[in-house]
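[1] Build me a model:
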Amino acid sequence: MNFRQRPSRFVLWTLVFCLSAVSTCTVAAEIWFGAVDPVERNFKGYAPNDFMDLFLPAAAWTVGASGTQVFLLSNQYVVFATDQQLSQIISDMKRRNIALAMAGLMFAESARCGHQVEGYSGPNSILRAVTHIKQLGGELKYLVMDEPLLYGHYYDGPNACHDSIADVAKLVAVKVAQAKSVFPGIKVGDAESIGAATASHWMDQMQQWPVAYQAAVGEPLAFMQADISWDNPNWQSDLQAEAKFLHAAKIPLGVIYNGSPQDPTDLAWIAHAEQRIQTIESTLGVVPDQAIIETWTLHPARVLPEDQAATLTNLLKHYVQMLRPNPPTKLSTL
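    The predicted structure is shown next:
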């Protein structure tokens, strides 16, 4: 059923939630958006899709784009995209007044460890990416570290490094310095797992991590984003604990809203994401500073148009439209 014909459960829930609130509906301060880029789609064996159509002047995500503050790119895509592709993205995001962020690979793999482990790449992957953006006239406002605590310290699979939290922070500091050598004012934050690590001390380590990071880098984390392992029964209590800790530490909280890799269809993925938004923001009462609408899985296969059910921008549109009933028009004359 097309959303123009009948509102979704998410739309109806949002209307009830906002209308029943004592004050105006509280929403995330920032909305981030990210989709599976052509480099990652090819690496994962997914069929090509309409990713690059997002950056055409008449791209059909007007409502979603008007409420989006940040567009998220992968480290790999920024490195391997053609100049034409990256220039198109930079130009269109400037026109829409949407800042650029990049998910960064923060470790260099070595003979000791890290080969084919998430978060590990070549020694200059960050530097190559930020330089590419700079050369094409772009500005990278945010660097989001790709779960360095989880994969540098906790991960116990093939080629694991098992570095101490202090050593993880020191290794990360090298890549942060690379980014800041090109964009001195870049804001560096982290995305870490909530619920994926089952050890009882994982949340304690999560709270040690910002202290170690600040000691190594010389500045606090700009934000922490929760990549929730939805199948873990403790994710709700862990998210609430992390939100409380970050609020006390004055570190903004982001939450990644998505479906599951096991979802069999685009509609199932969207329904899961909607349900999780409701659970977090209504049932748990956790309203993040950053709401990240993102996928790195096969579904949803299409990004556009926003008026068609089961596209990624359709989910973005309804998050923007229902939680921000009158989003501003942000298109500039650039």
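
[2] Phi, psi for the residue most central in space within the chain please.
    The centre of the chain sits closest to residue 292, judged by Cα atoms, centre = their mean, with a distance of 5.0 Å. For residue 292, the backbone dihedrals (degrees, to the nearest 10) come out as phi -110, psi 110.

[3] I figured it hits residue 32, correct?
    Yes. Counting by Cβ atoms under 8 Å, residue 292 does reach residue 32; the two are 4.2 Å apart. No exception for glycine: its C-beta is placed from N, CA and C like everyone else's.

[4] what do these two both touch?
    Between them, residue 292 and residue 32 share these contacting residues under Cβ atoms under 8 Å, 6 or more residues apart in numbering: 72, 254.

[5] For residue 291, which residues count as its bridge partners?
    Beta bridges link residue 291 to residue 31, residue 255 when assigned by DSSP bridges.

[6] Against residue 124, how distant is it?
    32 Å (Cβ to Cβ, to the nearest Å).

[7] quick one: which of these two has more around it?
    residue 291 (28 against 13; other Cβ atoms under 10 Å).

[8] And the pLDDT at that one?
    With respect to pLDDT, residue 291 scores 96.

[9] just checking, it touches residue 32?
    Yes. Using Cβ under 8 Å, residue 291 makes contact with residue 32 at a distance of 7.0 Å.

[10] tell me, what's touching these two both at once?
    Contacts common to residue 291 and residue 32, judged by Cβ under 8 Å, 6+ apart, are residue 254.

[11] re the thing from before, would you enumerate the residues in contact with the residue nearest to the centre of the chain?
    Here residue 292 is in contact with 31, 32, 33, 34, 72, 225, 254, 255, 256, 257 (Cβ under 8 Å, 6+ apart).

[12] Looking at those residues, which is nearest residue 307?
    Residue 307 has its nearest neighbour among the contacts of residue 292 in residue 33, at 16.4 Å by Cβ to Cβ.

[13] Can I take it that that closest one is in a strand?
    Yes. Counting by DSSP: H, G, I helix; E, B strand; the rest coil, residue 33 falls inside a strand.

[14] mind checking how far it is from residue 320?
    Residue 33 is 10 Å from residue 320, by Cβ to Cβ.

[15] where does the stretch 101-250 of the chain dip in pLDDT?
    196-200 (pLDDT under 70).

[16] try 80 this time
    Applying pLDDT under 80 to the stretch 101-250 of the chain flags residues 195-200.

[17] And the helices in it?
    125-135, 148-149, 165-182, 202-217, 235-249 (DSSP state H, counting those that start in this stretch).

[18] What are the buried residues along the fourth one?
    Judged by neighbour count using 16 or more other Cβ atoms under 10 Å, the buried positions of helix 202-217 are 202, 203, 205, 206, 208, 209, 210, 212, 213, 216, 217.

[19] packing partners for it?
    Secondary-structure packing of helix 202-217 (3 or more Cβ pairs under 8 Å, 6 or more residues apart in numbering; DSSP states H and E): helix 148-149, helix 165-182, strand 187-194, helix 235-249.

[20] The first one packs against which elements?
    Which is helix 148-149. By 3+ Cβ pairs under 8 Å, 6+ apart, helix 148-149 packs against helix 165-182, strand 187-194, helix 202-217.

[21] The longest one to helix 125-135, inter-axis angle?
    In this structure, helix 165-182 runs at an angle of 20 degrees to helix 125-135, with axes from the mean of the first three to the mean of the last three Cα atoms, to 10 degrees as the basis.

[22] again, but for the shortest one
    Taking the same axes, to 10 degrees, one finds that strand 187-194 is oriented at 130 degrees with respect to helix 125-135.

[23] How about the last one?
    For helix 202-217 against helix 125-135, the angle by the same axes, to 10 degrees is 60 degrees.

[24] From the chain's centroid, how far away is stretch 263-282?
    Its chain's C-alpha centre and that of stretch 263-282 lie 16 Å apart, by Cα atoms, centre = their mean, to the nearest Å.

[25] Okay, buried residues for that stretch please.
    Per 16+ other Cβ under 10 Å, stretch 263-282 contains these buried residues: 263, 266, 268-274, 276-278, 280-282.

[26] go on, stretch 236-245?
    236, 238, 239, 242, 243, 245.

[27] Dump the helices and strands packed on helix 202-217 into CSV; add distance to residue 47 as well.
    Below are the helices and strands packed on helix 202-217 laid out as CSV (distance: least, Cβ to Cβ, whole Å):
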stretch, distance to residue 47
helix 148-149, 31
helix 165-182, 32
strand 187-194, 26
helix 235-249, 31
